[in-house]
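Student: starting from these lines, generate the structure:
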Amino acid sequence: MSRSDELDRHELGALLHAWLRWDSYLGGRGIPDLASTEPRRGRRTASAAETVAPQRDPALGVVASVAERGSFDPSITHAAASEAPAGAAPWLPGLDEVPQAERPAREPLPERPRGLPMAERLVRLQELAEQSARCERCRLAAGRTRPVFARGSPAARLVFVGEGPGYHEDQQGEPFVGPAGQLLDKMIAAMGLTRDEVYICNVVKCRPPKNRTPLPDEVASCSPWLVGQLEAIGPEWIVALGKSAALALGCAPPGSGPWRGRWGNWRGIPVMPTFHPAFLLRSPEHKKTVWGDLKEVMARMKQSQAPGTGSS
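Tutor: Numbering: from 1, shown residues only. Predicted coordinates:
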């Protein structure tokens, strides 16, 4: 065995160990059966000590990718699907489905350096989740049932950043699981993606009283966790859901000036600020406006897949 082979095996072992550690933290059950092509659909009851509760099998995609290619391919996920779920209600009024021509292409993308190396990324995200679960830096900690860290893929190229957990999120320890989360899932499906292909988090990890907007000092106290998440993942695009998220990412002017639908950037990463799904539930007439913002994101994603181009 060559020295190069030994290093490759060592790197692969470290990657799988870190991924399975992260999968266990999310409630997984170890190495999946690669002979089965069906993802696990069961969900066990989360304990009070858990801070992130989604039940999914990210190890399936990474192990299959490594077995075939000998390296990790972040474009491969176990739940990839090019169509919205069958029978799903349209999130845009009067629109049965989003035309396929308006969705980003689904061809696998070449791996590119971004964020931390995957093994380090998984360890770092788990550390941040554990630290945020113990955090008492602001008044929100006293009223939380569970801290809400994130859901989705650590290999995501697209990250959605919301404002803060609501009642359902506080109870389950997972972001966007209530009515607003169900609408967000439909928006993501309309983009030709699944919830397991993106990464979703909030500016603050504890529920503000009565779902009010997070206060500036609360956002500042929680910023190390959000910054750590984005630095670890290194996404190519970010969608800021709501003005608080846009402000936290430096992509909205203070006061009452225009803020949504205008590209900004966070440390060189393009950010599209748009309305929060909870606002759309109260004001559904703005859904088409948000769809226009998401189409801007899809256009950049599609452009990055063209030969000889990258994300801007």
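
Student: do you know the pLDDT at R195?
Tutor: With respect to pLDDT, R195 scores 89.

Student: where in the chain is pLDDT low?
Tutor: Applying pLDDT under 70 to the chain flags the ranges 1-113, 306-312.

Student: need the phi and psi values for the residue nearest to G228 when sequence neighbours are not counted.
Tutor: Once flanking residues are discounted, G228 sits nearest to L128: 4.6 Å by Cβ to Cβ, 6 or more residues apart in numbering. C-beta coordinates here come from the backbone N, C-alpha and C atoms, glycine included. L128 adopts backbone torsions of phi -60, psi -40, taken as degrees, to the nearest 10.

Student: pretty sure L128 sits against A232.
Tutor: Yes. Counting by Cβ atoms under 8 Å, L128 does reach A232; the two are 7.3 Å apart.

Student: how about the residue nearest to G228, what does it touch?
Tutor: By Cβ atoms under 8 Å, 6 or more residues apart in numbering, the contact set of L128 is F149, W225, G228, Q229, A232.

Student: so the first one versus R134, what's the distance?
Tutor: It stands for F149. Between F149 and R134 the computed distance is 12 Å (Cβ to Cβ, to the nearest Å).

Student: and if you look at the fourth one?
Tutor: For Q229, the distance to R134 equals 16 Å [Cβ to Cβ].

Student: look at these two and report which has more neighbours.
Tutor: Q229 (25 against 9; other Cβ atoms under 10 Å).

Student: with adjacent residues omitted, what lies nearest to that one?
Tutor: Nearest-residue entry for Q229: C201, 5.5 Å, with adjacent residues in sequence omitted and distances by Cβ to Cβ, 6+ apart.

Student: which elements pack onto the helix or strand containing the one you found?
Tutor: Counting by DSSP states H and E, the element that carries C201 is strand 199-202. Judged by 3 or more Cβ pairs under 8 Å, 6 or more residues apart in numbering; DSSP states H and E, strand 199-202 is in contact with strand 150-152, strand 158-162, helix 216-233.

Student: return the alpha-carbon coordinates of the last one using CSV.
Tutor: As requested, the backbone C-alpha atoms of helix 216-233 are provided in CSV (Å, rounded to 0.1, in the frame of the first residue of the first chain):
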residue,chain,number,x,y,z
PRO,A,216,-30.7,44.2,18.6
ASP,A,217,-28.9,43.1,21.8
GLU,A,218,-30.4,39.6,21.4
VAL,A,219,-29.2,39.4,17.8
ALA,A,220,-25.7,40.5,18.9
SER,A,221,-25.6,38.0,21.7
CYS,A,222,-26.5,35.2,19.4
SER,A,223,-24.4,36.3,16.4
PRO,A,224,-21.4,34.0,17.2
TRP,A,225,-23.5,30.9,16.5
LEU,A,226,-24.9,32.2,13.2
VAL,A,227,-21.4,33.5,12.1
GLY,A,228,-19.9,30.1,13.1
GLN,A,229,-22.5,28.2,11.0
LEU,A,230,-22.0,30.3,7.9
GLU,A,231,-18.2,30.2,8.2
ALA,A,232,-18.2,26.4,8.7
ILE,A,233,-20.5,25.7,5.7
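
Student: and the contacts of it?
Tutor: Contacts of helix 216-233 (Cβ under 8 Å, 6+ apart): 114-116, 120-121, 124-125, 128, 131-132, 135, 137-140, 149-150, 154-156, 159, 161, 199, 201-206, 208, 214, 238, 244, 247-248, 266-267, 269.

Student: can you select the buried ones from the residues you listed in PyMOL?
Tutor: The PyMOL selection below is limited to those of the contacts of helix 216-233 classed as buried (16 or more other Cβ atoms under 10 Å):
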select buried, resi 115+116+121+124+125+128+132+135+137+138+140+149+150+154+155+156+159+161+199+201+202+203+204+205+206+208+214+238+244+247+248+266+269
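
Student: out of the contacts of helix 216-233, which are inside helices?
Tutor: E120, R121, R124, L125, L128, Q131, S132, S244, L247, A248 (DSSP state H).

Student: okay, now R262: neighbour count?
Tutor: A count of neighbours around R262, defined by other Cβ under 10 Å, yields 16.

Student: for the residue nearest to P273 when sequence neighbours are not counted, give me its contacts.
Tutor: Counting by Cβ to Cβ, 6+ apart, A246 is the residue found nearest to P273 once chain neighbours are left out, at 3.6 Å. For A246, the contacting residues are A240, A252, W259, R260, G264, V271, P273, by Cβ under 8 Å, 6+ apart.
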